[in-house]
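>>> Based on what follows, work out the 3D shape:
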Amino acid sequence: MSPEPGFSNPFFDPQAGQLALARALLEFFSMQARSITRCLLGFLLVLAVALMAQEHKVEHTWDYSKARGPRHWGELEPEFAACKSGHHQSPIDIRNPAKSDLPPIRFDYKPSPLHIIDNGHTVMINYAAGSSISVGDKKYWLKQFHFHRPSEERLNGKAYDMSVHFVHADDEGHLAVVAVLLEKGEENRLMRELWADLPKEKDRESLLDNVQIDGSEFLPADHGYYTFSGSLTTPPCSENVTWFVLKKPMTVSAAEIEQFSKLYRDDARPTQPLYDRVVLESK
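Predicted coordinates:
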């Protein structure tokens, strides 16, 4: 039954009804928008986490295992061919070196903030710019140092407990590596500091700018050395690398060796044939 003309129903106001309907619709769509926004934000968060995980996931094409280890490096990637076909490869077993009047290595290592990474193959410290070695008229800038267990270099067939490699480059990009042999004995203060600050996660560099280190704490007082032309000891095994192996070893404690062994019990490439190379020894 509809109201008669001129009759006013106090319980029915068309304008008020339209406003109420509009408010209800507005509230409904606002709730839907908030719900969609929350869903979208959740999706974006999940996507961001996935992308970050993908960004930090490093694909390791080589390692020290039987399947992808040193015997197979040269077959794993075309750019690793030198690992198999190169004739000036490192490391080597140093035997019968020729005594020579070689210039001394002048070390100029300065303190550096500790930037340390477990890169899936070793523990590596990226060094601040400004430290160097000079040999004769050649100057090389220290880039990083890292560790191997056991030592990659051998002296008359003897391997040491570990070795540390200091990697340098000159202004043209030519590489020079200083190898220091490490044997069991007294602890090394720098090694203790590094192991205290080991990253908890692989392939993620820890930038500890409040921790200062000095690479010279791994250097013996006697800088006598053997030298030869070699290569990187990891893929791509690039050659034309100048090697300086210090004759005197440094000591690290059994506990320090064992702590590294928990990460890498064997990350040393076997020694390579000498072929036509001559190893020189400083007097």
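>>> Give me the domain ranges for the protein.
Following automatic domain parsing, the chain resolves into domains at 14-57, 70-282.
>>> how about TSV for the ones you listed, with mean pLDDT and distance to residue 64 added?
All C-beta atoms are positioned from the backbone trio N, CA, C, and that covers glycine. Formatted as TSV, these follow (pLDDT from 0 to 100; distance: least, CB to CB, whole Å):
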stretch	mean pLDDT	distance to residue 64
domain 14-57	53	20
domain 70-282	98	5
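>>> what's the most buried one of those domains?
domain 70-282 (a mean of 17; mean count of other CB atoms under 10 Å).
>>> Any idea how far apart the tips of that one sit?
Its first and final residues considered, domain 70-282 spans 31 Å by CA to CA, to the nearest Å.
>>> Same question for stretch 64-79.
Across stretch 64-79, first to last residue, CA to CA, it's 18 Å.
>>> Could you say which one of the domains of the chain comes nearest to residue 63?
Taking CB to CB, domain 70-282 is the member of the domains of the chain nearest to residue 63, at 7.0 Å.
>>> Pull the distance from that closest one to the chain's centre.
14 Å (CA atoms, centre = their mean, to the nearest Å).
>>> now swap in stretch 272-283 and tell me
On CA atoms, centre = their mean, the centre of stretch 272-283 falls 29 Å from that of its chain.
>>> Touching it from outside, list them.
Stretch 272-283 has contacts (CB atoms under 8 Å, 6 or more residues apart in numbering) with 87-92, 94-102, 104, 224-229, 247.
>>> In contact with residue 81, which residues are there?
Here residue 81 is in contact with residue 74 (CB under 8 Å, 6+ apart).
>>> Residue 133 versus that one, what's the distance?
Noted for residue 81: a distance of 30 Å to residue 133, by CB to CB, to the nearest Å.
>>> One more: residue 68?
For residue 68, the distance to residue 133 - CB to CB - is 33 Å.
>>> Tell me if I'm right that residue 159 and residue 149 touch.
No. Applying CB atoms under 8 Å as the test, residue 159 and residue 149 come out as separate, 9.8 Å apart.
>>> joint contacts of the two?
Joint contacts of residue 159 and residue 149 (CB under 8 Å, 6+ apart) are residue 268.
>>> Pipe the domains of the chain into CSV and attach distance to residue 63 per row.
As requested, the domains of the chain are arranged in CSV below (distance: least, CB to CB, whole Å):
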stretch, distance to residue 63
domain 14-57, 16
domain 70-282, 7
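>>> Doesn't residue 146 lie inside a strand?
Yes. Counting by DSSP: H, G, I helix; E, B strand; the rest coil, residue 146 is located in a strand.
>>> Please, which helix or strand holds the closest residue to it other than its chain neighbours?
Spatially, and ignoring its direct neighbours in sequence, residue 146 is nearest to residue 124 (4.1 Å; CB to CB, 6 or more residues apart in numbering). Element membership for residue 124 (DSSP states H and E) is strand 123-126.
>>> tell me what that strand is packed against?
strand 112-118, strand 138-148 (3 or more CB pairs under 8 Å, 6 or more residues apart in numbering; DSSP states H and E).
>>> Neighbouring strands - and their directions - for that strand?
Within its sheet, strand 123-126 is paired with strand 112-118 (antiparallel), strand 138-148 (antiparallel), according to DSSP bridges.
>>> mind checking which of the helices and strands packed on strand 123-126 is nearest residue 176?
So among the helices and strands packed on strand 123-126, strand 138-148 is nearest, using CB to CB, at 4.4 Å.
>>> Next, the residues that contact the helix or strand following that closest one from outside, please.
Scanning forward in sequence from strand 138-148 by DSSP H and E, the next helix or strand is strand 154-155. Residues outside strand 154-155 that contact it (CB under 8 Å, 6+ apart): 91-94, 181, 271.
>>> what does stretch 179-186 give?
By CB under 8 Å, 6+ apart, the residues outside stretch 179-186 that reach it are 91, 151-153, 155, 160-166, 188, 218-220, 243-246, 249-254, 257.
>>> Next: stretch 188-199.
The contact list for stretch 188-199 (CB under 8 Å, 6+ apart) reads 114, 116-118, 123, 125, 182, 205-206, 208, 211, 213-215, 217-218, 250-253, 256, 259-260, 263.
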